[in-house]
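Asks: sharing a sequence plus its predicted fold:
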Amino acid sequence: MKCLILAAGYATRLYPLTENFPKPLLTVGDKTILDWLVDDLDTAGAVDEYVVISNHKYAHHFDAWAKTKPQQITVVDDGTDTNETRLGAVKDIQYAIETLSLDDDMLVIAGDNLLDFSLTRFMTYAKEKNASCIMRYYEPNDQKLLKCGVVTVDESDRILNMTEKSPTPATHGCCPPFYYYTKADARLVQKGIEAGCGTDAPGSYIAWLCNRTEVYAMEMPGKRYDIGNPESYERVKAEYRGIRS
């Protein structure tokens, strides 16, 4: 399995912290955000390569970080230099697939979110479903739902509908940026782009895919910590205690 880590954003809301430094390498506790994610995933022994998808501005930071890690980590530079010229998450995923000729099951995750539970539970869930999968949690705040992927599921967790940043969210089922693609579904990313699926938000591909094949949404067994601005970063540093056993 390959793990694609989305890290090509410019995190402009975190300036000046991230004006010349990538958000995924900010420190929370005694580790960077990326360290928390990769070290956890590596406990399952299922990922044989981690692919960090970066923009050109920050790629050298990720190259330096990768050299400190024992895992097989490849940094892909998407060639963009500014927030205005960014490719968007779905195009970045396809860019990495094409650049590295990837043809495998894929875990696709945002490099700037933390969880207080192990992602290996999500990997196990996806293998049991034998299908592409996402995660979901109940988001009570209506304003936050406007900025998220929102999902409707049936009693078996199968996705009936998914929207990204809808002005009229159908449910309170919010989807964080953690996805599992089967090999067959990873091969369809370019087709989704050509069909007109959104390319900025990473969940847009799943919103397209779930209308064409079975995709499931696991209810999260814990909490997600999203770092969006300096205030939330300070809050996460104060609150986050790592992955619960």
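Replies: Now that the structure is in, tell me what you want to look at.
Asks: quick one: residues contacting Leu115.
Replies: Residues counted as contacts of Leu115 (C-beta atoms under 8 Å, 6 or more residues apart in numbering) are 40, 220, 222-225, 243. Any C-beta I mention is one placed from the backbone N, CA and C, and that applies to glycine too.
Asks: one more time with 10 Å
Replies: Applying C-beta atoms under 10 Å, 6 or more residues apart in numbering, we find Leu115 in contact with 36-37, 40, 109, 121-122, 135, 176, 178, 220-225, 240, 242-244.
Asks: against Ile53, how distant is it?
Replies: 20 Å (C-beta to C-beta, to the nearest Å).
Asks: and for Asp105?
Replies: For Asp105 relative to Ile53 (C-beta to C-beta), the value is 17 Å.
Asks: re earlier: hmm, which of the contacts of Leu115 are the buried ones?
Replies: 36-37, 40, 109, 121-122, 135, 176, 178, 220, 224-225, 240, 243 (16 or more other C-beta atoms under 10 Å).
Asks: nearest to Leu14, of the residues you listed?
Replies: When these are compared for distance to Leu14, the smallest value, 14.3 Å, is given by Tyr225; criterion: C-beta to C-beta.
Asks: and the strand or helix carrying the closest one, which strands flank it?
Replies: Using DSSP states H and E, Tyr225 sits within strand 224-226. Sheet pairing of strand 224-226 (DSSP bridges) gives strand 113-115 (antiparallel).
Asks: can you count the residues close to Gln72?
Replies: Counted with other C-beta atoms under 10 Å, the burial measure for Gln72 works out to 12 neighbours.
Asks: I figured it hits Val51, correct?
Replies: Yes. Under the criterion of C-beta atoms under 10 Å, Gln72 lies in contact with Val51, with a separation of 9.5 Å.
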